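Participant: next one to model:
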Amino acid sequence: MGSTQSECGIQGGGGVVSTDVDLLAAHVAGDGHAFAELMRRHYDHLWQTALRTSYTREDAADALQEALLSAHRKASNFRADAAVRSWLHAIVVNACLDRIRRNKSRPTVSLTTDESDEPRDDRNHYADLEMSLVVQKALMSLPAEQRAALVAVDVEGYSVSDAAQALGVPAGTIKSRCARGRLKLAEKLDYLRDPGNRI
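Facilitator: Next up is the predicted model:
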């Protein structure tokens, strides 16, 4: 009870139960369909991770493509001491950070939002969207490493130790990056607390 599909496996066409680890191993062994199935399971999560970590939608798309190519090529390097999803998450975040470093000369605040698909209901959708843009802008103003740590812990829900493992840094580094990032966000968004100073 409560297991995710990728943890407990799925029934394959031949009646074989396939976990994420099984699929990655099958891909390394030459199965032409295993990696595609792995992507079907995790693509949405990885795309959202790329969007939250990158400055623009275009950078997110390019970084995700690079990350998936890298994961496809380096699958034999996977060690089963982490979940496959965490391993993929780390590859995507690192690809996004690499792209940010390469594009350092670009102007920084070019916002993307995925909130504009469809109004959820008749409540004040525009106010919700405006608030989302303000928070997203504040998040995008953080240094890339702080933003990656905050996205992993506060948005994706990873524990500090899992985020540290995924990003390849000590747990103390994740804690300090999150603390500094939250402080900067609090300073940038403090004016929202004043009911007389609405956006």
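
Participant: where along this structure do the helices fall?
Facilitator: Under the criterion DSSP state H, the chain carries helices at the ranges 5-8, 20-28, 34-53, 57-73, 84-102, 125-140, 144-150, 160-167, 171-189.

Participant: and the residue nearest the centre of the chain, how close does it get to residue 28?
Facilitator: Nearest to the mean C-alpha position of the chain, counting by CA atoms, centre = their mean, stands residue 49 at 1.9 Å. In this view, residue 49 and residue 28 are 23 Å apart by CB to CB, to the nearest Å. Placement of C-beta: from N, CA and C, glycine included.

Participant: ok, residue 167 next?
Facilitator: 24 Å.

Participant: burial of the residue lying closest to residue 84 once chain neighbours are set aside, as a residue count?
Facilitator: Leaving aside its chain neighbours, residue 84 sits nearest to residue 20 (3.7 Å; criterion: CB to CB, 6 or more residues apart in numbering). The number of residues packed near residue 20 is 22, by other CB atoms under 10 Å.

Participant: need the per-residue pLDDT for residue 123.
Facilitator: With respect to pLDDT, residue 123 has a value of 46.

Participant: residues near residue 80, how many?
Facilitator: Residue 80: 10 neighbours (other CB under 10 Å).

Participant: repeat that for residue 25.
Facilitator: By other CB under 10 Å, neighbour count at residue 25 equals 17.

Participant: same question for residue 100.
Facilitator: Using other CB under 10 Å, residue 100 has 21 neighbouring residues.

Participant: neighbour count for residue 167 and residue 28, which is higher?
Facilitator: Applying other CB under 10 Å to residue 167 and residue 28 shows that residue 167 carries more neighbours, namely 21 against 15.

Participant: test my guess that the more buried one contacts residue 89.
Facilitator: No. Residue 167 is beyond contact range of residue 89, at 9.1 Å (criterion: CB atoms under 8 Å).

Participant: next, show the common contact partners of these two.
Facilitator: Counting by CB atoms under 8 Å, 6 or more residues apart in numbering, the common neighbours of residue 167 and residue 89 are residue 152.

Participant: quick revisit: mean neighbour count, the helices of the chain: which tops it?
Facilitator: Compared across the helices of the chain, helix 144-150 shows the largest average neighbour count, a mean of 23 (mean count of other CB atoms under 10 Å).

Participant: next one, pLDDT for the closest residue to residue 166 other than its chain neighbours please.
Facilitator: With sequence-adjacent residues excluded and distances taken as CB to CB, 6+ apart, residue 166 is closest to residue 90, at 4.0 Å. We have a pLDDT of 87 for residue 90.
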